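Chemist: here you go, sequence then predicted model.
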Amino acid sequence: MLKREQFYYVKRLSLWKPLFFIYLIMLLSRLFVLCYYRQVNVKIGDKGGIEVTFERLGTMKTSQEGHLEIGGVDTIKLAEKYGTPLYVYDVALIRDRARGFKRTFEEMGITAQVAYASKAFSAIAIYQLMAEEGLSVDVVSGGELYTAIKAGFPAELIHFHGNNKTREEIEMALDYEIGCIVVDNFYEIDLLKTILSERQQKVSVLVRVTPGIEAHTHDYILTGQEDSKFGFGLDNGQAEKALQLLLQDSAYFDVKGLHCHIGSQIFETTGFKVAAHRVMDKLVEWRDAFGFKASVLNLGGGFGVRYTADDEPLEPAEYVRQIILEVKEVAQQNELAVPEIWIEPGRALVGEAGTTLYSIGSRKEVPGIRDYIAVDGGMNDNIRPALYDAKYEAVIANHPEKAAEETVSIAGKCCESGDMLIWDIPLPNMQSGEILAVFCTGAYGYAMASNYNRICRPAVVFVENGIDKLVVARETYDDLIQNDLSLF
Ligand SMILES: *Cc1c(COP(=O)(O)O)cnc(C)c1O
């Protein structure tokens, strides 16, 4: 017995120090995150052992009537006016994020372009808002390009991405004389060259490279050999070959520099720093080998946002700061001119600004298992829970401060068992007809919306300073059948 106790004691002793050290680091990093992240955490309920926190994002607050208010507008009134499901965007929060990114570059003396990755939410109004804020945009299809142009977005600030751009899409981009094309593969180089020589036109390009880093929310993986459908491998010679091909045809290509994008919903700065370092090292190598001078280094997007209390992203500008420091350091060490740095946030600009309002409908109790509460939307307007097992938080917009009373699961209305929005969320007892507000739906929500089950896509409204503006109308049944042709 004694032996055994001693054994455990020794084991405990040897573990104590490292464990305490790890605990201390976790505590300190949490404090750091809290200092950077200025939003207020309001505890709204503590009942029956269920504790809920409602993190107010952007301009969210509780109105005098006790309702959830965004941009100075009562969400219950929005639901009455426009119907549900309804996408609501907090415009001030989007502006705040855009300015935060731009300001960081200015403060650190770096020439930059902040390009909104518009696949996160593409609609005329969002391109106009980004133009107002002096941002650039990324498009990945003819459709996104068309929408940006129709929005009056300056063509020279549009960047065109994609691993399989069609001839029609490339011609469209050349017709509009957009800012640059991000070249993705050898097929595209050939196709571009053919089209440019037919048209006797020249275009600015970035070369998309895969630097052998895969970043995830909480970690990153260094992969020696590239396994990605995007871009040219940095380490297997493909990137260098692509660069040489483009440089040879200087009549058609103005090679501005390199592009890389390492992943999405990333919280750690390490992945970005390692990527920046690797790409900068290559620029040094290529300068020495054949005098290549890059004027632009585009480090992509992927900056994480807060979906639930488990997510603790840094202040968005902090990622930029770390990237800049890394680029500057390698540049200085090698007497390389610091290039322009471009970034491409999607989610970090619009994710937290979006809230979806749903009307609460049916309830199904499965005794001893769970209670399902169904809303009038679901995977049609937000496929992320079904597709990625994404997590969300929500409140009852009629009384967001009310204490939680039960744990329920929020179901959509599609004919799919997987059509669930939130599993097991503590909420107050709710009535049919009340409004459920699901937070942080601004990115890849409406953008991925579908008409499955012939459900109309929701409306989108912008709110700011007490004013609401409809920016995407709700689809109608006639919209649903507008492309259907009769057999008779
Ligand atoms: C998706 C994507 C982005 C934006 O990613 P977020 O996670 O929304 O910031 C930026 N650049 C490229 C090339 C992308 O594919």
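Modeler: Sure thing, it's come through. Nothing here was measured: the structure is a model prediction, and the numbers come from that model.

Chemist: what about the protein, any weak spots by pLDDT?
Modeler: Scanning the chain for pLDDT under 70 picks out 1-54, 223-226.

Chemist: can you give me the helices for it?
Modeler: 2-36, 75-82, 91-107, 124-132, 142-150, 167-175, 186-199, 238-248, 270-290, 316-333, 347-350, 384-388, 477-481 (DSSP state H).

Chemist: looking at those helices, which is nearest to E464?
Modeler: In terms of Cβ to Cβ, the element of those nearest to E464 is helix 91-107, at 3.8 Å. C-betas here are computed from N, CA, C, even on glycine.

Chemist: give the buried residues for that closest one.
Modeler: 91-102, 104-105 (16 or more other Cβ atoms under 10 Å).

Chemist: hmm, who's touching it?
Modeler: Applying Cβ atoms under 8 Å, 6 or more residues apart in numbering, the external contacts of helix 91-107 come out as 57-59, 71, 111-112, 114, 116, 129-130, 133-135, 315-317, 320-321, 324, 341, 343, 345, 348-350, 352-353, 462-465.

Chemist: could you rerun that using 7 Å?
Modeler: Contacts with helix 91-107, where a contact means Cβ atoms under 7 Å, 6 or more residues apart in numbering, come from 57-59, 71, 112, 114, 129, 133-135, 316-317, 320-321, 341, 343, 345, 348-350, 352-353, 462-464.

Chemist: that one close to the ligand?
Modeler: No - using Cβ under 6 Å from any ligand atom, helix 91-107 stays clear of the ligand, coming no nearer than 11.1 Å.

Chemist: how about the residues of the stretch 251-400 of the chain near the ligand?
Modeler: Counting by Cβ under 6 Å from any ligand atom, the stretch 251-400 of the chain comes close to the ligand at H261, S264, G300, G301, G302, F303, E344, P345, G346, R347, A348.

Chemist: now render those residues as JSON lines, adding neighbour count.
Modeler: Below are these laid out as JSON lines (neighbours: other Cβ atoms under 10 Å):
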{"residue": "H261", "neighbour count": "25"}
{"residue": "S264", "neighbour count": "20"}
{"residue": "G300", "neighbour count": "25"}
{"residue": "G301", "neighbour count": "25"}
{"residue": "G302", "neighbour count": "25"}
{"residue": "F303", "neighbour count": "29"}
{"residue": "E344", "neighbour count": "28"}
{"residue": "P345", "neighbour count": "27"}
{"residue": "G346", "neighbour count": "26"}
{"residue": "R347", "neighbour count": "25"}
{"residue": "A348", "neighbour count": "28"}
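
Chemist: any idea how far P211 is from P367?
Modeler: 54 Å (Cβ to Cβ, to the nearest Å).

Chemist: who has more neighbours, those two?
Modeler: Looking at P211 and P367 with other Cβ atoms under 10 Å, you find the greater number of neighbours at P211, namely 27 against 6.

Chemist: contacting residues for that one?
Modeler: L234, C260, A275, R278, V279.

Chemist: between those, which is nearest C180?
Modeler: Nearest to C180 among those, counting by Cβ to Cβ, is C260 at 14.8 Å.

Chemist: give me the number of residues near that closest one?
Modeler: 25.

Chemist: same question for F488.
Modeler: Considering only other Cβ under 10 Å, F488 is surrounded by 2 other residues.

Chemist: if we can go back for a sec, nearest to L206, out of the contacts of P211: which one, please.
Modeler: Nearest to L206 among the contacts of P211 is C260, at 9.6 Å by Cβ to Cβ.

Chemist: wait, doesn't the closest one sit right on G301?
Modeler: No - proximity of C260 to G301 does not meet the contact threshold set by Cβ atoms under 7 Å, at 10.9 Å.

Chemist: would you mind measuring from V88 to the ligand?
Modeler: 19 Å (Cβ to the nearest ligand atom, to the nearest Å).

Chemist: correction: the previous question concerned C415.
Modeler: Distance from C415 to the ligand, by Cβ to the nearest ligand atom: 30 Å.

Chemist: looking at the residues of the stretch 251-400 of the chain next to the ligand, which are in strands?
Modeler: Taking DSSP state E as the definition of strands, these contribute nothing to them.

Chemist: tell me which residues touch the closest residue in space to L192 that isn't next to it in sequence, please.
Modeler: Of all residues not flanking L192 in the chain, I170 sits nearest, at 6.3 Å (Cβ to Cβ, 6 or more residues apart in numbering). Neighbouring residues of I170 by Cβ under 7 Å, 6+ apart: L191, L192, I195.

Chemist: of the residues you listed, closest to the ligand?
Modeler: Closest approach to the ligand among the contacts of I170 (Cβ to the nearest ligand atom): L192, at 17.9 Å.

Chemist: neighbours of the closest one, how many?
Modeler: Neighbour tally, L192, other Cβ under 10 Å: 23.

Chemist: nearest to the ligand: which residue in the stretch 101-250 of the chain?
Modeler: Residue nearest to the ligand within the stretch 101-250 of the chain (Cβ to the nearest ligand atom): A117, separated by 3.4 Å.

Chemist: which strand of the chain spans the most residues?
Modeler: Scanning the chain for the longest strand, with DSSP E as the assignment, gives strand 354-366.

Chemist: ok, that strand: who's next to it in the sheet?
Modeler: strand 86-90 (antiparallel), strand 370-375 (antiparallel), strand 435-439 (antiparallel) (DSSP bridges).

Chemist: would you indicate which residues of the longest one are buried?
Modeler: So that's strand 370-375. For strand 370-375, a neighbour-count test (16+ other Cβ under 10 Å) marks I373, A374, V375 as buried.

Chemist: what lies in contact with it?
Modeler: Applying Cβ under 7 Å, 6+ apart, the contact partners of strand 370-375 are 358-365, 408-413, 421, 430, 436.

Chemist: flag every buried residue along the longest strand of the chain.
Modeler: G354, T355, T356, L357, Y358, S359, I360.

Chemist: between all of the residues you listed, which two are separated the most?
Modeler: G354 and I360 (19.5 Å).

Chemist: now do stretch 182-193: distance to the chain's middle.
Modeler: 27 Å (Cα atoms, centre = their mean, to the nearest Å).

Chemist: that one near the ligand at all?
Modeler: No - using Cβ under 6 Å from any ligand atom, stretch 182-193 stays clear of the ligand, with a minimum separation of 7.3 Å.

Chemist: just the buried residues of that stretch, please?
Modeler: V182, V183, D184, N185, E188, I189, L192, K193.

Chemist: what is the nearest of those to A397?
Modeler: Distances from A397 to the buried residues of stretch 182-193, taken by Cβ to Cβ, are shortest for V182, at 40.5 Å.
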